[in-house]
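Participant: Need a 3D model of the following:
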Amino acid sequence: MNVQLSLFPEESGQDFSISSNRKPKTTRKSTSTKLPKETKTIQPAKKRSKPYIWVTWLSSLMGEEKQCKHTAWSSAHYQFPKRPSDFDSSAHDEMVIQRAMKHQAQGSAVYVEDDNSFTINGKTCDIGGKPDIVVIENGQLIIEDCKSGKCKAAHRMQVLIYMLLFPLSPQGQRLCQSHPPAGRLVYPDDIVEIYPSEVDSQFKEFFRQTVAIISGATPPPQAPSHWECRYCNVPGAYCPARIDLDADTGNHDFF
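Facilitator: Okay, the predicted model is just below:
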């Protein structure tokens, strides 16, 4: 089911009314020059038929956790092979399980992760997300996201975006019944409540502007940094400004 997102007005000329011939075998030894290892392992990016944006890409930019809009733009317009990651999600996963069990013990209706997955189909881009927990407490739908680390502005933006978009999904329409949801950030030692009134006109405009940049036809400028490049999924072949983390910067004669 496609949900048309009508939040996006026309701006900047965009309409935001919001898936060889082979040679015979020979025994002769080949004399061709071998390609460098890094050249052989580069897989070409696949152009998306339509930009696809993940909620966390938007929240990282809106919360100023990340500065390079070019990374989000590239990921929205192209599919790149995923980089290996050593991120351990066990602490987060355990928080979600314990939180869901607590809600169930209190008799609240609770939906976890994949139950809450959504994709909102706009005319110029699609936006997807997956809130950790959706719970109904005393008739109020609350979207919760569990965070095992320290509080960040990007976390609040992430929940606010969920509060804006989830009601537009089929699951959200069924559960919200035209009532705006509340939000909640769950940390190991704190709980932060987010009120429906915070999804106001100012936030919506900020959201629209960010989506317009990431889904637009013109790539935004690159803003490389050691921290962002380290975790960026865009290969250097597609980003000349990418910082080479393997470069030897340890030896110099300045002091």
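Participant: Name the nearest residue to residue 82, sequence neighbours excluded.
Facilitator: Excluding its sequence neighbours, the residue lying closest to residue 82 (C-beta to C-beta, 6 or more residues apart in numbering) is residue 233, at 6.4 Å. For the C-beta atoms, the positions are set from N, CA and C on the backbone; glycine is no exception.
Participant: ugh, wrong one, I meant residue 79
Facilitator: Nearest one to residue 79, counting by C-beta to C-beta, 6+ apart, is residue 46 at 4.3 Å.
Participant: Tell me how many other residues crowd that neighbour.
Facilitator: Per other C-beta atoms under 10 Å, the neighbour tally for residue 46 reads 10.
Participant: Retrieve the pLDDT associated with it.
Facilitator: We have a pLDDT of 90 for residue 46.
Participant: Tell me the spacing between it and residue 149.
Facilitator: Remark: distance between residue 46 and residue 149 (C-beta to C-beta, to the nearest Å) = 32 Å.
Participant: Check residue 229 too.
Facilitator: Look at residue 229 and residue 149: by C-beta to C-beta, they are 21 Å apart.
Participant: which of these two has more neighbours?
Facilitator: Between residue 229 and residue 149, counted using other C-beta under 10 Å, the more crowded position is residue 229 (19 against 10).
Participant: pLDDT score for that one?
Facilitator: 80.
Participant: With the one 4 residues further on instead?
Facilitator: Each residue has a pLDDT score; the one for residue 233 is 79.
Participant: quick one: it and residue 85 touch, right?
Facilitator: No. Using C-beta atoms under 8 Å, residue 233 is not in contact with residue 85; the gap is 9.7 Å.
Participant: neighbour count winner among these two?
Facilitator: residue 233 (14 against 9).
Participant: For residue 185, see how far away the more buried one is.
Facilitator: Distance from residue 233 to residue 185, by C-beta to C-beta: 26 Å.
Participant: how about the strands in the stretch 101-250 of the chain?
Facilitator: Along the stretch 101-250 of the chain, counting by DSSP state E, counting those that start in this stretch, strands occupy 109-112, 118-121, 126-129, 133-137, 140-146, 182-187, 190-194.
Participant: Okay, angle between the fifth one and strand 133-137 too, please.
Facilitator: It refers to strand 140-146. Our comparison of strand 140-146 with strand 133-137, counting by axes from the mean of the first three to the mean of the last three C-alpha atoms, to 10 degrees, yields an angle of 150 degrees.
Participant: Can you list the buried residues in strand 140-146?
Facilitator: Using 16 or more other C-beta atoms under 10 Å as the test for burial, strand 140-146 gives 141, 142, 143, 144, 145, 146.
Participant: partner residues bridging the fifth one?
Facilitator: The one in question is residue 145. In this entry, residue 145 is beta-bridged to residue 185, by DSSP bridges.
Participant: dump the residue contacts of it.
Facilitator: Residues near residue 145 by C-beta atoms under 8 Å, 6 or more residues apart in numbering: 131, 132, 133, 155, 158, 159, 162, 183, 184, 185, 186.
Participant: for the second one, phi and psi?
Facilitator: In this case it means residue 132. With angles defined as degrees, to the nearest 10, residue 132 sits at phi -60, psi -50.
Participant: I figured it was touching residue 97, is that so?
Facilitator: No. Judged on C-beta under 8 Å, residue 132 makes no contact with residue 97 at a distance of 10.3 Å.
Participant: Which of the two has more residues huddled nearby?
Facilitator: residue 132 (23 against 12).
Participant: distance of the more buried one from residue 148?
Facilitator: Distance, residue 132 to residue 148, using C-beta to C-beta: 11 Å.
Participant: Low-confidence regions, the stretch 1-150 of the chain specifically.
Facilitator: Counting by pLDDT under 70, the stretch 1-150 of the chain shows low-confidence ranges at 1-43.
Participant: residue ranges for the helices of it, please.
Facilitator: Secondary structure of the stretch 1-150 of the chain (DSSP state H, counting those that start in this stretch): helices located at 37-41, 55-62, 69-77, 90-105.
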